[in-house]
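Chemist: need coordinates for the following:
(4 chains)
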Protein chains: 2
Amino acid sequence: MVTIGDIARAAGVSRSTASYALSGKRSISAQVRQRVADAARELGYTPNAGARALATAETRVVGLLAQFHADEFAPAMLQYMLGVSDTARELGYDTLLVTEADGARALRRITDSRMVDGVVLLNVAQDDARLPLLRAAPQPGALVGLPGDPSGVDVFDLDFAAAGRAMVDHMHRLRHRELILVSQPEHVVERGGAYVWRLQDAVVQQAAARGIGLHAAFGPSRQPDVGRDLHALLDAHPAATGLLLNNEAAAAALPSVLHARGLRAPRDLSVIGRYSDEFARTFSLPFSSVESAPDLLGEMAVRHLVRRITDPLARDEPHVLRLVPPELVDRGSTGAPPTARTAGPGTPPDPHGQGGRP
Amino acid sequence: MVTIGDIARAAGVSRSTASYALSGKRSISAQVRQRVADAARELGYTPNAGARALATAETRVVGLLAQFHADEFAPAMLQYMLGVSDTARELGYDTLLVTEADGARALRRITDSRMVDGVVLLNVAQDDARLPLLRAAPQPGALVGLPGDPSGVDVFDLDFAAAGRAMVDHMHRLRHRELILVSQPEHVVERGGAYVWRLQDAVVQQAAARGIGLHAAFGPSRQPDVGRDLHALLDAHPAATGLLLNNEAAAAALPSVLHARGLRAPRDLSVIGRYSDEFARTFSLPFSSVESAPDLLGEMAVRHLVRRITDPLARDEPHVLRLVPPELVDRGSTGAPPTARTAGPGTPPDPHGQGGRP
DNA sequence: CTCCACCGTCGAACCGGTTCGACAGTGCTC
DNA sequence: GAGCACTGTCGAACCGGTTCGACGGTGGAG
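Modeler: Numbering: from 1, shown residues only, chains lettered A, B, ... in the order given. Reported below is the predicted structural model:
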């Protein structure tokens, strides 16, 4: 391999001069600078990353810790990963992807060995085992996902509570009186997927405040369960005229379910999901949704992370906790409720009698 | 940070002795070995990755080059990535994820700077710009995807030709006489996505050999185009009784299309896709499919790559080109053809008159 | 008892960069 | 014309590991 010594020899200068000529950290005569640049180009010189890391104590690599659980919807994760990776590259950083099941051990490995200058954690749980390690690590960290204790790191997430309220309010404005909410699988909640109940609690509260009947359920993340469960929910609550989905798999399965039941949105049922526009287009999902903005969140996390890495002043700034406001993308799947959801006989319009607002 | 010098001092030995005690590359007395191990554990010693890379000329990192094109179906890529990443970790390697648009430049960067010990290329095109660079690089490389010239690297891919023949033969055994094939968007082919025409050519040939009528079309990769195109195809070829899909987006959109037309598989139309079982479960796809085995392919690529990295004998072994045989996963979406696909009036059973086999 | 082999340990060199301090040479000021 | 500041370059040290060659000490063979 070609080293800086080779460049120096070719340019007829010392190694240190070659280094300064390339980095520009000291003034170097124009002739020497040119000779060094020419030599580097001709010999095809690329600095050895390990040697540079050793000398400068920085690697220009960020760690990306993604955890994949069997009961979660993996494809949604890809968009976060791309947001992180693309932004990192734009800022001159490479991305070390870690998908190890034991995220805490992996985090310790890459931080202790100084493989990375900073770390982005995806899919952060309420009480995330990786967090204490990250706080103790010498490298800064940024999270996508809000943990119970956000201290010591920069946190970025969708404002799930506001998203829940926006969903309910949208339905309320259209005069819906009874809604179904399908959340993520209960396992996700048990594991600490706080965003599930952040949205759910907000939906429940806002529905109560608006005098709207609400049926909240956890949905599976896989077929055929998720389709079966959707059928069961619609069977169980025939008076519900609106469906809120905080579950990508349920959204993906819903078109088949609706068609099987001869229902159409928004004629028979209004539907709002919570997923990205990219996701909707890729999977042919015709439902309005609260944009989850994975690429944006990944990008924000990396930008803040890199600022903390490179700007010595930024290292001691107070940590940010940024919840991006939800944006409802209208794909025309909501409208006024039908008088009764099914044309079938005897379905009462409001069997729950929760009444309207005063 | 704690270095091997700290360990050596704590254990009362020299740095070299500490190194040998930890690596076991020379015989060391049991007492010293124990003292060093204790010191390392108590002080929480982890070797500095950069220093080790500099000294040993290996990083224990593999590069993963994934290219995302706007007109391709991104989620399918995730499974390849996980296959690579998980297997690499199992073998003691970390994964440097590169999603840069200019894959050739990225490849040069990570190989020249010795950030990686080897490279896996995903989504390899017929005439892939990254390939000449990879052959010239000092690190070994493995591909997922078959290029025009597979020399100098290990290649792993699904046997798309065999997959095409298997699809046709399956339909032929069920006595279908007219089929539609939906491939990837034409842009994918133009860019060099050889797998598209490897499957398509095989389907065309095998159909001709079996005396089956075939309508081959490129499908878009996004909604709403893909749904519209499926409708148009079914309109244009009312006599076709079987549908072959080499296009994930089309498979994802098909359930809605079928329901909208009042068709059911396999009663009215037999369907075979080409995607992974994981993919089918995640996206609620009820169609039989040729398993594309992304995790397996990623795993094979990494295993061979690591063997070439670590085994000095393996470096000079002839390169392998492994096409894994297709496996048809039966989800019950194929059956005998109906006498006519639609119950509507006047659809001739075999308007193309290609006739059966002798 | 001597010689030799082997075991366990150490010091030094090396990997390929970066950076600090020194210093020769130049041009300016007074 | 002496003193000074500044510019451009160099040598050496350092980052934190690994590894080579040397060497003292021990035990066994002859």
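Chemist: quick check, A:Ile180 in a strand?
Modeler: Yes - counting by DSSP: H, G, I helix; E, B strand; the rest coil, A:Ile180 falls inside a strand.
Chemist: and it, how many neighbours?
Modeler: Neighbour count of A:Ile180, defined by other Cβ atoms under 10 Å in any protein chain shown: 22. Just so you know, the C-beta spots here come from the backbone N, C-alpha and C atoms, and that holds for glycine as well.
Chemist: show me what contacts it?
Modeler: A:Leu214, A:His215, A:Ala216, A:Ala217, A:Leu233, A:Leu234, A:His237, A:Ala240, A:Gly242, A:Leu243, A:Leu244 (Cβ atoms under 8 Å, 6 or more residues apart in numbering or on different chains).
Chemist: again with A:Arg105
Modeler: Counting by Cβ under 8 Å, 6+ apart, A:Arg105 has no contacts.
Chemist: before we move on, what about A:Asp94?
Modeler: A:Arg60, A:Val61, A:Val62, A:Ala88, B:Leu96, B:Val98, B:Ile110, B:Met115.
Chemist: among these, which are in strands?
Modeler: Among the contacts of A:Asp94, DSSP state E puts A:Val61, A:Val62, B:Leu96, B:Val98 in strands.
Chemist: buried residues in the helix or strand that contains A:Ala250?
Modeler: Per DSSP states H and E, A:Ala250 falls inside helix A:248-260. Using 16 or more other Cβ atoms under 10 Å in any protein chain shown as the test for burial, helix A:248-260 gives A:Glu248, A:Ala249, A:Ala250, A:Ala251, A:Ala252, A:Ala253, A:Leu254, A:Pro255, A:Ser256, A:Val257, A:Leu258, A:His259.
Chemist: what's the closest of those residues to DNA strand C?
Modeler: A:Glu248 (44.7 Å; Cβ to the nearest atom of the strand).
Chemist: might one say that A:Val324 is in contact with A:Phe160?
Modeler: No - using Cβ atoms under 8 Å, A:Val324 makes no contact with A:Phe160, being 10.4 Å away.
Chemist: of the two, who's got more company?
Modeler: Neighbours were counted for A:Val324 and for A:Phe160 using other Cβ under 10 Å; A:Phe160 has more, 25 against 17.
Chemist: give me the distance between the more buried one and DNA strand D.
Modeler: To DNA strand D, A:Phe160 is 42 Å away according to Cβ to the nearest atom of the strand, to the nearest Å.
Chemist: A:Arg308 too?
Modeler: 21 Å.
Chemist: quick one: that residue from A:Leu91, how far?
Modeler: 12 Å (Cβ to Cβ, to the nearest Å).
Chemist: the more surrounded of these two?
Modeler: Set side by side, A:Arg308 and A:Leu91 show more neighbours around A:Arg308, with 23 against 17, by other Cβ under 10 Å.
Chemist: so what's the residue count around the nearest residue to that one once chain neighbours are set aside?
Modeler: In space, not counting the residues next to it along the chain, A:Arg308 is nearest to A:Pro140; the distance is 4.1 Å by Cβ to Cβ, 6 or more residues apart in numbering or on different chains. Residues near A:Pro140, counting by other Cβ under 10 Å, number 22.
Chemist: what residues does A:Pro140 make contact with?
Modeler: With Cβ under 8 Å, 6+ apart, A:Pro140 has these contacts: A:Gly118, A:Val119, A:Val153, A:Asp154, A:Leu305, A:Arg308, A:Ile309, A:Arg315.
Chemist: so which one among those residues has the lowest pLDDT?
Modeler: Among the contacts of A:Pro140, A:Arg315 carries the weakest pLDDT, at 87.
Chemist: contact partners for that one?
Modeler: A:Pro140, A:Arg308.
Chemist: can you list the weak-confidence ranges in chain A?
Modeler: Applying pLDDT under 70 to chain A flags residues A:223-224, A:340-358.
Chemist: excluding its backbone neighbours, what's nearest the most centrally placed residue in it?
Modeler: Centroid check for chain A by Cα atoms, centre = their mean gives A:Pro294 as the closest residue, at 4.1 Å. The shortest distance from A:Pro294 to any non-neighbouring residue, by Cβ to Cβ, 6+ apart, is to A:Gln79 (3.9 Å).
Chemist: in helices, which of the contacts of A:Ile180 fall?
Modeler: The helices, defined by DSSP state H, take in A:Leu233, A:Leu234 from these.
Chemist: now render the contacts of A:Ile180 as JSON lines, adding neighbour count.
Modeler: Supplementary listing: the contacts of A:Ile180 in JSON lines, determined by neighbours: other Cβ atoms under 10 Å in any protein chain shown:
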{"residue": "A:Leu214", "neighbour count": "23"}
{"residue": "A:His215", "neighbour count": "17"}
{"residue": "A:Ala216", "neighbour count": "17"}
{"residue": "A:Ala217", "neighbour count": "18"}
{"residue": "A:Leu233", "neighbour count": "19"}
{"residue": "A:Leu234", "neighbour count": "19"}
{"residue": "A:His237", "neighbour count": "20"}
{"residue": "A:Ala240", "neighbour count": "24"}
{"residue": "A:Gly242", "neighbour count": "28"}
{"residue": "A:Leu243", "neighbour count": "29"}
{"residue": "A:Leu244", "neighbour count": "28"}
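Chemist: one step back: extract the CA atoms of the helix holding A:Ala250 and return them as CSV.
Modeler: Provided in CSV are the C-alpha atoms of helix A:248-260 (Å, rounded to 0.1, in the frame of the first residue of the first chain):
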residue,chain,number,x,y,z
GLU,A,248,-48.0,-0.9,10.0
ALA,A,249,-48.9,-4.6,9.6
ALA,A,250,-52.5,-3.9,10.3
ALA,A,251,-52.4,-1.1,7.7
ALA,A,252,-50.9,-3.4,5.2
ALA,A,253,-53.5,-6.0,5.8
LEU,A,254,-56.5,-3.7,5.9
PRO,A,255,-57.2,-3.3,2.2
SER,A,256,-57.9,-7.1,1.9
VAL,A,257,-60.0,-7.0,5.0
LEU,A,258,-62.1,-4.2,3.7
HIS,A,259,-62.7,-5.7,0.3
ALA,A,260,-63.5,-9.0,1.9
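Chemist: ok, it near chain B or not?
Modeler: Yes - counting by Cβ under 8 Å from any Cβ of the partner chain, chain B has neighbours in helix A:248-260: A:Ala249, A:Ala252, A:Ala253, A:Pro255, A:Ser256, A:His259, A:Ala260.
Chemist: between these, which sits nearest B:Arg26?
Modeler: A:Ala249 (55.6 Å; Cβ to Cβ).
Chemist: hmm, that closest one is touching B:Ser284, no?
Modeler: Yes - counting by Cβ under 8 Å, A:Ala249 touches B:Ser284, with 7.4 Å between them.
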